[in-house]
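# A structural model of the following input is requested.
(2 chains)
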2 protein chains.
Amino acid sequence: MSMEIKCPGFRAAGVAAAIKQANRLDMGLIVSDVPAAVAGIFTKNKIKAAPVLMDMQRVQSGSAQAIVVNAGNANCCTGAQGMGDAMEMAALVADSLGISRELVLVSSTGVIGKSMPMDRISAAIPRLVAGLSYQGIMAVAKAFMTTDTVPKAISSQGIIDGKVFTLTGIIKGAGMIRPDMATMLCYILTDAKAPPGFLKNALIAAANISFNRASVDGDTSTNDTVLLLANGVSGIQIESSEHEAVFQEVLNALCLKLAKAMIRDGEGVNKLVDLMVKGALTDADAYRVAETVGHSPLVKTALFGEDANWGRIVAAVGRAGVEIEPEKIDIYFDQVQLLQNTRWCGAQAEAEATEVMRQSEYALRIDLNMGSGSAQLITCDFSMDYVRINADYRT
Amino acid sequence: MSMEIKCPGFRAAGVAAAIKQANRLDMGLIVSDVPAAVAGIFTKNKIKAAPVLMDMQRVQSGSAQAIVVNAGNANCCTGAQGMGDAMEMAALVADSLGISRELVLVSSTGVIGKSMPMDRISAAIPRLVAGLSYQGIMAVAKAFMTTDTVPKAISSQGIIDGKVFTLTGIIKGAGMIRPDMATMLCYILTDAKAPPGFLKNALIAAANISFNRASVDGDTSTNDTVLLLANGVSGIQIESSEHEAVFQEVLNALCLKLAKAMIRDGEGVNKLVDLMVKGALTDADAYRVAETVGHSPLVKTALFGEDANWGRIVAAVGRAGVEIEPEKIDIYFDQVQLLQNTRWCGAQAEAEATEVMRQSEYALRIDLNMGSGSAQLITCDFSMDYVRINADYRT
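Alright, predicted model coming up:
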C-alpha cells in the first residue's frame, strides 16, 4: 500500500460512532470540493439493501459530491424504515455540508435485518464533517472495514498530454466471505474530468476483469457497491479515444490490484490463485469452466492443502456443462505441466507443481485444446479458518 | 440397518485384494442365479471412468448377471489401457462363473489417474467366486467403501397379489465429498420380474427424488453409478400399472433411505437438512433456489455452527437468478417460522429455530409466496472436518 493515499480535491474523514461496538472507526465520509461526475455498479442480488436501491437511482443523474458509509449494520431487509433511514443519512450529510441532498450517496455494511441506530448515526455526522481533510481517505478505508484485517487503499497516476492525473481506490470486504457483514464496497476517486457515460463504461470494463472475476466462495451480497467519482480538479479532460485508453488502462490496473488486495485479506484465505482457462470453444464456455473449478469446494480445499490434486480439477471441468474433449485436457501450475491430454505427467512434475502451490500466489492454467475461448478468475483456497469464522460468526 | 441383508437368488462375496492397502475388503462380486433384467443410471460428468463407459453400453442389452467392483482405484483418466482393464475384469469373472462376458458389469472407485493393479485383481477373482453365498451382500457393502465409515445396506419388502417381493440396496460414497475417491455407487437387487424398460423408468423416477436431490458439495464424480437388477426368482411379475405403482413406491422409499444414509455417512457431515422450497413461479425456479441455498458454503457453515442465520439464506435466494419478490420470503426451521415477508420474527423465534438446528436432522423450508413451484433437496452442513479431510486426503 502506498504511504500517501490522497486524491486532489477530495476530503475525507472517519469517526467512531459505536454502531455495533465502541471505540472503533465505523463511519466514513468522502466529499469532493466540487460536484463530480459519477458512475456506479451494484450487486446483482435480487435482495438489495436500502442504500443500494437509493444509490442506484441517484447515480443516474450522473453527478455526486459526497459518500457517507457506515459499518456494523447493512440496512438490508429493513423495509420502508430502512429506506427512510438511508434518505435521512444523506439528508443530514447534505445539510451539514450545505449541498443538495441528491448529491449524497450512502453505503452500509454489516448485519442484515436490524434497524439502523439513527440516533448514533446522526450524532456522528457533524463530527465527520468537522474532521474532513485531504489526508482523510485512509480513515474511511479503516472505517468501512468489517472482517477485513487491514485497510486497503491504492493510489495510481496516469499521464495525459504531459499532465498527471490521480486515481485513488479504497476497498473492503471479500466476496460473500461474510455475507451478513455485507461485502464489497469500493470507492474510486479521480481528479480527471470525464462524462458520466464514459465513466460508466470504463468502470464496467474494469470490473469485468477484476471484481467480477474475483471469487471467494461464489456468493454475492445484498450490498455490493462500486462507485467512481471524477471531480476534474486536475484540469485534465478525457475527451479523445487516446485519453480514454490511457484512463482505462490505469483504471483496469487499479481495479485488479484492489480486487486482489480484497481477496488476499479475506479471512481464512491463504492462497491467491490466478485461474486461467483457454482452448474452450467460446469465452462463455471457458468462463463456466473457470467458475466451476474456481468455486469447487474440493478444488479449493486442495489448494489449501497444497495438494496438486488434478483429479478434482478434471472432475470439476467435466461437470461444468460445456463441450469438452475428455482426453485433451492440459493443466499447469505456473510453468509446470502436471497433466497432458488428461494423463498425469509423473512424479517429478507433481513434486514441482506441489512446490509452486507452496507459494501464496500462483497461476493455475487449464487448456481444453479445442478452440480459442478463454477466461480468467481470481480465486483462493478454502481453509478450516473459513469454516470456523463463518460457523462462529454471529455467536 | 436391517440385520439380515439378502435378496433371493443373489449370491455375493467380498475379499481383500490389497488394491490400495492390505488387510481390508476391497473387491466385491454379486451374482444372480439367473440372468436378470437390468437398468442403470450413470454420472453426467463429461469425464467418465472406463468401467462407467463399459457399463453404459452393456446395460443397453437389458440383461446382466454379475457385478464386480473394486475400491482403491477409480480406473479413470487411464486411457485405452483402462478400458482394456475393465473389459478384462469382466472377462475373468465371466469365465470363472461360466457365463457370457457381456452379462458382467464392472465398477471401480478410488484414486483417479493410476493404472489398475491387474495382477492383484485377477488373483482375487477366483477367491471371490469361491466365496459366493446368499449371505454375502453385506461383504460387498463393506468392500466398496472408500471414505465411508459404515457399510450401508437396506432391505425392503413389498406385496403384489398377496406375494412378497424383496428390494435390497447397498450404497457407498457421498456426492463428491471425496472426488478422487470416486463417489457414489449403488446396487439395487430385486427378486421381482420386470422388463428393462420399466426398470429404467422406475429407477430414473426414484433417483429424481433421492440421489439427484442429495447434495454434499455440488460436485459430481467421474464414476457415479446406480444399477438395478431384477432376477424374477420370486415369481412375481410386474405387469399391470397397479403392480408398477407398488414397485415404484417401495423403490422410491428405498432410494430415499439409501441417499440419506449416504449423506449422513459423508465425512465431516453432522447435519442432514431437508431443504424444501415452495411458492416459486415454477418447479425449475424452486430447484434453482434450493440448489443455490443448499450449495452455499456460507449457509452450510451456518448449519454446522447451528446458527439460524437467515441473512445468508436470503442472500442466497436473491442470487439464485430466478424471479422473486424481495419482500415476500418466509423461512421455517421445522415448524418454527423465523422470517415472515423477509422480516425477522424476533428473538423468541430465533431461539426456537436454534433449538431445531441442534438436532441431527431437520427441515428448512423457504416459501417465496409467488406461485406453486416447489422443489426438495437433501443437503448437509459444511464442517471443519470436511476441509481437514479434503485438504489432507492425498498426503
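# List the single closest residue to A:Trp344 in space, sequence neighbours excluded.
B:Gly113 (4.8 Å; C-beta to C-beta, 6 or more residues apart in numbering or on different chains). The way it works is simple: take the backbone N, C-alpha and C, and place the C-beta from them, glycine included.
# mind listing what's buried in the strand or helix carrying A:Gly169?
Assigned by DSSP states H and E, A:Gly169 belongs to strand A:163-172. Residues of strand A:163-172 classed as buried: A:165-172 (neighbour count, 16 or more other C-beta atoms under 10 Å in any protein chain shown).
# with the residues you listed in mind, which one is nearest to A:Met138?
A:Ile170 (8.0 Å; C-beta to C-beta).
# Pretty sure A:Val140 is one of the things that closest one touches, is it not?
Yes: counting by C-beta atoms under 8 Å, A:Ile170 does reach A:Val140; the two are 6.2 Å apart.
# list the residues that contact both of those two?
A:Tyr187 (C-beta atoms under 8 Å, 6 or more residues apart in numbering or on different chains).
# Break chain A down into its structural domains.
The record's domain parsing of chain A by automatic domain parsing lists A:10-264, A:272-392.
# Format these as JSON lines; extra columns: mean pLDDT.
Shown next, in JSON lines, are the domains of chain A (pLDDT from 0 to 100):
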{"stretch": "domain A:10-264", "mean pLDDT": "92"}
{"stretch": "domain A:272-392", "mean pLDDT": "91"}
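# Looks like A:Ile378 contacts A:Leu272 (just checking).
Yes: counting by C-beta under 8 Å, A:Ile378 does reach A:Leu272; the two are 6.8 Å apart.
# The two: which has the busier surroundings?
It is A:Ile378, of A:Ile378 and A:Leu272, that has more neighbours when counted by other C-beta atoms under 10 Å in any protein chain shown, with 24 against 20.
# Identify the residue nearest the more buried one in space, chain neighbours excluded?
Excluding its sequence neighbours, the residue lying closest to A:Ile378 (C-beta to C-beta, 6+ apart) is A:Ala214, at 4.5 Å.
# Return the residues in contact with the one you found.
A:Ala214 neighbours (C-beta under 8 Å, 6+ apart): A:175, A:259-260, A:262-263, A:377-379.
# At which residues are the strands of the stretch 101-250 of chain A located?
A:104-111, A:152-160, A:163-172, A:185-190, A:225-230 (DSSP state E, counting those that start in this stretch).
# Looking at chain A, which helix is longest?
helix A:241-264 (DSSP state H).
# and the helix or strand following that helix, what does it pack onto?
Toward the C-terminus, helix A:241-264 is succeeded by strand A:272-280 as the next helix or strand (DSSP H and E). Applying 3 or more C-beta pairs under 8 Å, 6 or more residues apart in numbering or on different chains; DSSP states H and E, one finds that strand A:272-280 contacts helix A:241-264, helix A:283-295, strand A:361-367, strand A:373-380.
# Quick check: buried residues in the third one?
By neighbour count with 16+ other C-beta under 10 Å, strand A:361-367 contains the buried residues A:362, A:364-367.
# Ok, the longest one next?
For helix A:241-264, the neighbour count (16+ other C-beta under 10 Å) marks A:243-244, A:246-248, A:250-264 as buried.
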